[in-house]
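Asks: Give me a 3D structure for the following:
(one chain, ligands or ions: 1)
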Amino acid sequence: MGDHLTKSGHGTVPALRWEEPPDGPVLVLLDQTRLPHEEVELACTDVPALVLAIRTLAVRGAPVLGLAGAYGIALAAARGYDVDDAAGVLAHARPTAVNLGYGVRRALAAFRSAGPGQGAAAALAEARRLHAEDAAASAAMAAHGVRLLAELALGGGYRILTHCNTGALVSGGEGTALGVVLAAHRAGELRRLWVDETRPLLQGARLTAWEAARAGMPYTLLADSAAGSLFTAGEVDAVLIGADRIAADGSTANKVGSYPLAVLARYHHVPFVVVAPTTTVDPATPDGAAIEVEQRPGSEVTDLAPSPLGTQAYNPAFDVTPPELITAIVTENGVASPVTAESLAAVCVRKDAR
Ligand code: MRU
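Replies: Numbering: from 1, shown residues only. Now for the predicted structure:
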């Protein structure tokens, strides 16, 4: 099962890695539930431990969920589990991030098409391939995103507002939206990163602030409800967020609280930009109404907000922003703007057509 291990002590922040000690392969996760106070690793030696880690958000964020799903199949194969059963439970551990099922399917297909006795090695090789592709996608999105910021003529020294966590913790590389912010910071173009705390699980306060501090970014944390006054004060040049699933029409599911930011951004004439790899685009989901939004336990809200015993809480993990509120979707293949089914399909022509 999942075992809490060492302090990670890494200079970089690999969200997950594969290890092969003598007693069998392990998927090692940086336990994101323990950040920012502790850098603790969680060793998953079996599929139930990994599923629990996904459900409890020890590993989270769309692209890295795809990697967890793919390595999970490799783990199941190497440890002698029924790989089809493992694929079913892994793919459904969380419902909204389309990358999870994508990663599972890629490793499963590799496992099935391998020769006798080669399935585990083939699944692992495919997980590693997906990992490398995701790192490359991060770098390409950062380059496209920084170019887009310049094209949007925001003036030098961007003040960027972000929501949730979209950096190296969610990626095989440096991330999606936060990867763009990091590239702008390295280019000396980031004046301020505004970090929404991101209630109720505080991915902004706990994780994005942690990554921003490690990168030496100028950042300021705010309560989600303070964003409106920030726009009114003219303090936001652009909003950059990631995505958990992008429907064929460009409707984008991301951490709950993203949609209100899109409405604010439109009212204040501020660009609202989604940064996501094409693996997050789901052509099989036609529009926002077809996206399954994960509902999480109300206790996540009431634990954070002291309330009378028995108080019920509404706790959707995500909300959906319609394409007309999105200025641009940045992918590794280029930028879709304006966001339409056609512009999105054009950037989603994947090289390997998997
Ligand atoms: O519930 P979480 O923490 O997994 O939600 C993650 C997000 O909403 C991220 O913004 C999204 O996965 C994009 S990360 C590239």
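Asks: Which helix in this protein has the most residues?
Replies: helix 119-151 (DSSP state H).
Asks: Going by neighbour count, which residues in it are buried?
Replies: Residues 119-124, 126-128, 130-131, 133-135, 137-138, 140-142, 144-146, 148-149 are the ones in helix 119-151 that count as buried (16 or more other CB atoms under 10 Å). Every C-beta, even on glycine, is put in place using the N, C-alpha and C of the backbone.
Asks: Show me the subset of those residues that also lies near the ligand.
Replies: Residues of these in contact with the ligand (CB under 6 Å from any ligand atom): none.
Asks: which non-adjacent residue is nearest the closest residue to the ligand within the stretch 201-350 of the chain?
Replies: The nearest approach of the stretch 201-350 of the chain to the ligand comes at residue 242, 2.7 Å away (CB to the nearest ligand atom). The shortest distance from residue 242 to any non-neighbouring residue, by CB to CB, 6 or more residues apart in numbering, is to residue 166 (3.8 Å).
Asks: Tell me how far the one you found lies from residue 234.
Replies: 24 Å (CB to CB, to the nearest Å).
Asks: Compare these two (neighbour count), which wins?
Replies: residue 166 (33 against 10; other CB atoms under 10 Å).
Asks: In terms of pLDDT, where does that one sit?
Replies: Residue 166 is assigned 98 on the pLDDT scale.
Asks: near the ligand, which residues of the stretch 51-200 of the chain show up?
Replies: 57, 60-63, 97, 164, 166, 170, 176.
Asks: Lowest-confidence one in the residues you listed?
Replies: residue 97 (94).
Asks: Return the distance of it relative to residue 57.
Replies: In terms of CB to CB, residue 97 sits 11 Å off from residue 57.
Asks: who's more crowded, these two?
Replies: Using other CB under 10 Å, the more surrounded residue of residue 97 and residue 57 is residue 97, with 30 against 18.
Asks: which ones are touching the more buried one?
Replies: Residues in contact with residue 97 (CB atoms under 8 Å, 6 or more residues apart in numbering) are 61-62, 65-66, 244-245, 280.
Asks: what's the answer for residue 241, then?
Replies: 162-164, 166, 177, 254-255, 258, 261, 272-275.
Asks: Is it bridged to anything, and to what?
Replies: Counting by DSSP bridges, residue 241 is bridged to residue 274.
Asks: What score does it have for pLDDT?
Replies: 98.
Asks: Farthest from the middle of the chain: give me that residue.
Replies: Checked against the mean C-alpha position of the chain, the extreme residue using CA atoms, centre = their mean is residue 116, at a distance of 35.2 Å.
Asks: now it, what's its secondary structure?
Replies: coil (DSSP: H, G, I helix; E, B strand; the rest coil).
Asks: Relative to the ligand, how far out is it?
Replies: Residue 116 is 38 Å from the ligand, where distance means CB to the nearest ligand atom, to the nearest Å.
Asks: Which residues does stretch 112-129 contact?
Replies: So stretch 112-129 is in contact with 18, 25, 67, 70-71, 73-74, 77-78, 83, 103, 106-111, going by CB under 8 Å, 6+ apart.
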